[in-house]
Each structure stands twice: as structure tokens, then as C-alpha cells.
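>>> sequence first, predicted model second:
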Amino acid sequence: MNYKRILVIRTDRIGDVVISTAVIKNLREVFPDSFIAMMVTAYTRGVVKNNPFLNEVIIYDKRGKHKSWLATLRFALGLRKKKFDLAIIFHPTNRAHLVSFLAGIPKRVGFNRKMGFLLTDRIKDTKHEGKKHELEYCLDLLRYLGIKIESKDTFVGLDKAAQENVDRLLTEKGIDSRDKFILVHPAASCPSRRWPVERFSQLCDKLIDKYNIKIVFIASNDQKHICADAIKGMKSPAIDFSGRCNIEELCCLINRSSLFVSNDSGPVHIAASLNVPVVAIFSRNQPGLSPIRWGPLGKRSRVVKKDAGCAICLAHACKNHFKCLDLITVDDLLSVIDELGNLC
């Protein structure tokens, strides 16, 4: 069937949206003349606003102006006017399913969970088993529709104005276009994903000693204290951009860096998509949260993970003092970074 107006829905976090961009490219290959829109949250809009394969980015502000059920109803009725004939929902939520149903979209494809009965086409949700990458789970919905997968490349477009702002910030800190620097992200959404901050301090000092390279720290505004602690624990100076960049600027900053070192978090997928060398620190031992499902893609992406032998991972409620993170040493990361070999 030749769908004329297609809505792609992904209303979770940065990394999830980045991974889903491979779907958009495949849809455009098969439906070159169709109108393709993507529904995301206000926070992740910057990841897809410059995507050339999209005709429109639709913001569903589930934590802001669309938080109430009445506002969601109004949003869905507004969406109905756009007359989409296909909705593909990659992250099953009650609201995503309800919105697509109320919008009157005749074919609604997704995973059979969270009010999955509102979908017209449901496939079994086995993501929690973590047997393959999230990208493959997303592409399964296209395979269900009989769409041939032409590419598995993700895409993050760079914003010109954001690039100019990043260039200005770097120049202010003495980094010109010829300088290499390492971008470090010591934060994460959950304590179970955060490598000890003092290890980041030690790692950065050793990288400066070995490569004579500048270090730039980045984190969201509400986690800037983590960067401050890491810099405070260093012997050498570092640059702190935490809380100073929006998503578009973060993408440009990652793209400008020579290496991105980060805990398991959304920005590692931005780096992988931009083909920037990335070293990601993983911890949790649950199949659905492992690097098999969530590791950064790409030939220049590396994962560092240690098994603490836990039978069941309790994540943030860990009773074992996050031993899986504690087992990862500074030398473990140095070894992987040396192997990547792009800092000389």
C-alpha cells in the first residue's frame, strides 16, 4: 500500500529518538513523495529538526502544555486535521496509543503493550529480553509492513546557528578550529549508570598528561554539579560547558570533538550517529538494558562494561554498592581510548 501521509511517533528520550531516525530514512526511500512527520517531545526536537527526510516535526509536550488529559484530547483532535493514514509507534505508551487512536489514523502499528488494544496492528513486545539492538526492534515494525530495509544508518542533522554558537564558546576558551579536544559527559539519568566521578577526574588528568589535549565537560543544567566535582578533583585545568548548551548545540559540540567519553546516556548515540569516536561506560546487568540492546552503533564506538556477578540487577536500588561500575578502572578506559588511536 502506498501511504501518502505517515506519522512516526517516538516520545521518549534523546538516544531513543536518534536510534529511530534510521526508520525515517528507510520510509523516505520507499515513499519518496509521501508526507512524513515525526511526533517527539519538546526536549528531543533538536535531534530531528534538521532531518532532511522529514516534512514536519510535531511536538507533543507531555510534561508541559499537553500534560492534562484534556490538553491531550485537544492535541489529538488537532492531529486529526492532518489526515495521516499510517502511524508507526516505536515506544509503547498509553498516551501515544491514545493520541493516534483519537487522531483517527486508520492504520496504527506498534508493540502490544500499554493500551495496545488501541492499535490496529500489534506485534509482540519482546524488547525487555534484549536479544538484539533497539534499532532492530524499530526496524521490525517496518518489516511487519513489508518494507525492505535499505539502510541501518541513523541521522543527526547539525544546525547552522547552533554551530556558530559552539564555535564562539570554544574560541572564548582558547580552542580554535585546528585544536583537538575530548568531550566528557560524567552524568546520567540514574545513579546506576554513573561511573565514580573521581575516576573521571583521574582519567582526564592521565589523558592530558599522555596526549597534551584539552578536556571539555558537558552535562545538563540540573547535573552540572557532577561536572564541577570532576573538575575540582583534577590536577590539570578543564573547560566546563555544563548547562550552557541546548540539544542542537550539544550535537555540534560532539561533532567538533575528537573523542566523546560518557556514561550510558542519550548523547552516546548522537556521537555514534555523527561517526565521532565514543567510549561508553555501561553497568546494569538486565538483558533489556545491556549494550546488546542499547550500545552505541558504529565502527568507532566502544563499550566498557564489567560483570559484577549479580543474579538480578536492582538498578538504582542496588544492594551491592554499584560494584559493576566500581570494577571499571581508569586503565580500562585508557586502554580502549588508546586502541581507538585518534588522539595523536
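Here it is on my side, so go on.

>>> so Thr171, which state does it fall into?
Secondary structure, DSSP: H, G, I helix; E, B strand; the rest coil: Thr171 is helix.

>>> oh, I was asking about Ala161
Secondary structure, three-state DSSP: Ala161 is helix.

>>> quick one: residues contacting the residue nearest to it when sequence neighbours are not counted.
Taking C-beta to C-beta, 6 or more residues apart in numbering as the measure, Ala161 lies nearest to Glu248, with 7.8 Å between them; neighbours along the chain are not counted. All C-beta spots, glycine's among them, are computed from the backbone N, C-alpha and C. With contacts defined as C-beta atoms under 8 Å, 6 or more residues apart in numbering, the neighbours of Glu248 are Gly46, Lys49, Asn50, Leu158, Asp159, Ala161, Ala162.

>>> export the lowest-mean-pLDDT helix or strand in the chain as CSV, just CAs?
Across the helices and strands of the chain, mean pLDDT, DSSP states H and E gives its lowest value to helix 323-326, namely a mean of 89. Output of helix 323-326 as CSV, limited to C-alpha atoms (Å, rounded to 0.1, in the frame of the first residue of the first chain):
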residue,chain,number,x,y,z
LYS,A,323,30.1,-2.9,42.1
CYS,A,324,29.7,-3.3,38.3
LEU,A,325,30.8,0.4,38.0
ASP,A,326,33.5,0.2,40.7
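
>>> can you tell me what sits against that helix?
Here helix 323-326 makes contact (C-beta under 8 Å, 6+ apart) with 192, 194-196, 281, 283-285, 305-308, 310.

>>> now a PyMOL select for only the buried ones of these.
With 16 or more other C-beta atoms under 10 Å as the criterion, this PyMOL line picks the buried residues out of the contacts of helix 323-326:
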select buried, resi 192+194+195+281+283+284+285+305+306+308
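
>>> kindly reformat the contacts of helix 323-326 as JSON lines containing distance to Leu259 and pLDDT.
Conversion of the contacts of helix 323-326 to JSON lines gives the following (distance: C-beta to C-beta, whole Å; pLDDT from 0 to 100):
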{"residue": "Ser192", "distance to Leu259": "24", "pLDDT": "86"}
{"residue": "Arg194", "distance to Leu259": "19", "pLDDT": "94"}
{"residue": "Trp195", "distance to Leu259": "16", "pLDDT": "96"}
{"residue": "Pro196", "distance to Leu259": "20", "pLDDT": "96"}
{"residue": "Ile281", "distance to Leu259": "14", "pLDDT": "97"}
{"residue": "Ser283", "distance to Leu259": "21", "pLDDT": "89"}
{"residue": "Arg284", "distance to Leu259": "24", "pLDDT": "79"}
{"residue": "Asn285", "distance to Leu259": "27", "pLDDT": "77"}
{"residue": "Lys305", "distance to Leu259": "18", "pLDDT": "95"}
{"residue": "Lys306", "distance to Leu259": "21", "pLDDT": "92"}
{"residue": "Asp307", "distance to Leu259": "25", "pLDDT": "84"}
{"residue": "Ala308", "distance to Leu259": "27", "pLDDT": "76"}
{"residue": "Cys310", "distance to Leu259": "30", "pLDDT": "72"}
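
>>> dump the contacts of helix 323-326 to JSON lines, plus secondary structure and distance to Lys132.
Conversion of the contacts of helix 323-326 to JSON lines gives the following (DSSP: H, G, I helix; E, B strand; the rest coil; distance: C-beta to C-beta, whole Å):
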{"residue": "Ser192", "secondary structure": "helix", "distance to Lys132": "23"}
{"residue": "Arg194", "secondary structure": "coil", "distance to Lys132": "26"}
{"residue": "Trp195", "secondary structure": "coil", "distance to Lys132": "26"}
{"residue": "Pro196", "secondary structure": "coil", "distance to Lys132": "31"}
{"residue": "Ile281", "secondary structure": "strand", "distance to Lys132": "22"}
{"residue": "Ser283", "secondary structure": "coil", "distance to Lys132": "20"}
{"residue": "Arg284", "secondary structure": "coil", "distance to Lys132": "17"}
{"residue": "Asn285", "secondary structure": "coil", "distance to Lys132": "18"}
{"residue": "Lys305", "secondary structure": "coil", "distance to Lys132": "17"}
{"residue": "Lys306", "secondary structure": "coil", "distance to Lys132": "22"}
{"residue": "Asp307", "secondary structure": "coil", "distance to Lys132": "20"}
{"residue": "Ala308", "secondary structure": "coil", "distance to Lys132": "24"}
{"residue": "Cys310", "secondary structure": "coil", "distance to Lys132": "23"}
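
>>> for Ala317, give me the pLDDT.
The per-residue pLDDT reported for Ala317 equals 61.

>>> what bits of the stretch 1-150 of the chain have low per-residue confidence?
Along the stretch 1-150 of the chain, segments meeting pLDDT under 70 are nowhere present.

>>> got the residue ranges for the helices in it?
Counting by DSSP state H, counting those that start in this stretch, the stretch 1-150 of the chain has helices at residues 14-30, 45-48, 69-80, 94-102, 134-144.

>>> do the same with the stretch 151-300 of the chain
Shown for the stretch 151-300 of the chain, the helices assigned by DSSP H, counting those that start in this stretch span residues 160-172, 197-211, 224-232, 247-256, 267-273, 291-294.
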